[in-house]
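Student: Show me how the following folds:
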Amino acid sequence: MDSLSGIYEIHKEKAEYISYMKDVFREQRHDYMNYFQVIYGYLQLGKIEEALRQIKKIIQLNSNLSQIYKMSLFHVSVYLDRAIREMGDLEYIINLHVLNNRQNTICFIDNEEEIIKNLDLIFEDFMEEGIQFKRNVDIEIEEFKDRISFTFSGENKISTLIKNSKDVDIIEDNERVSVIFKYKNPIECLSVE
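Tutor: Below is the predicted model of the structure:
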């Protein structure tokens with residue numbers, strides 16, 4: 001009976017993952033269709049400059065998204081995908097750079113949800129109304145075998161949102177704040193060429 005329940009759990013996890021991915025792909029397709037409709041609308045109205053501005057915005061978004069998916073933490077990548085799209089819709093200018101020093105394409109860690117919750121605090125802060133100086137956000141992400149580092153440039157209050165702990169280090173340097181998350185129980189997984 002135990003082997004059957006184990007098999008059931010594996011299939012249940014796979015089904016949940018497939019459902020999750022279907023939702024992500026559906027959202028992305030919907031977003032891209034909206035972008036094309038906006039550009040088409042500007043072109044129909046003869047607003048060429050607005051259409052070009054929208055195209056530049058989409059090019060910048062795609063550049064950021066290609067950076068995001070260099071990371072080996074898939075759920076963090078998907079979270080950042082959504083956050084970057086939302087910030088772009090609010091006219092934020094995001095400059096993102098990712099350096100992955102790992103050999104693996106996908107890695108699983110026990111504290112991925114915790115990392116996402118902390119990132120959510122940071123991105124919610126960036127999107128607060130009335131904070132005009134945060135319209136440009138520079139983010140450098142560097143991934144190592146045992147940790148991932150997010151460095152945010154510009155004025156911010158990240159250090160008041162997230163506290164140092166045994167798994168999180170915050171380093172402030174002038175107008176740069178680095179948040180370093182240590183991995184809990186990383187499982188090396190997949191290397192795909």
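
Student: all contacts plus neighbour counts: C-alpha atoms, from now on.
Tutor: Noted.

Student: any low-confidence regions in this structure?
Tutor: 1-4, 6, 10, 104, 129-134, 154-161, 188-193 (pLDDT under 70).

Student: Going by residue numbers, what spans are helices in the protein?
Tutor: Taking DSSP state H as the test, the helices found in the chain are 2-44, 48-68, 74-89, 112-126, 158-161.

Student: Between those, which one is closest to Glu142.
Tutor: Closest of the helices of the chain to Glu142 is helix 48-68, at 10.8 Å (criterion: Cα to Cα).

Student: what packs against that closest one?
Tutor: Applying 3 or more Cα pairs under 8 Å, 6 or more residues apart in numbering; DSSP states H and E, one finds that helix 48-68 contacts helix 2-44, helix 74-89, strand 93-100.

Student: how about these in a markdown table, adding distance to Ser165?
Tutor: Formatted as a markdown table, the helices and strands packed on helix 48-68 follow (distance: least, Cα to Cα, whole Å):
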| stretch | distance to Ser165 |
| --- | --- |
| helix 2-44 | 30 |
| helix 74-89 | 20 |
| strand 93-100 | 24 |
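
Student: Please name the residues that touch the residue nearest to Phe144 when sequence neighbours are not counted.
Tutor: Computed as Cα to Cα, 6 or more residues apart in numbering, the closest residue to Phe144 that is not its neighbour in sequence is Asn101, at 5.2 Å. Residues near Asn101 by Cα atoms under 8 Å, 6 or more residues apart in numbering: 142-145.

Student: Stretch 23-32: how far from the chain's middle?
Tutor: Computed by Cα atoms, centre = their mean, to the nearest Å, the chain-centroid distance of stretch 23-32 equals 15 Å.

Student: Pull out the buried residues from that stretch.
Tutor: For stretch 23-32, the neighbour count (16 or more other Cα atoms under 10 Å) marks Val24 as buried.
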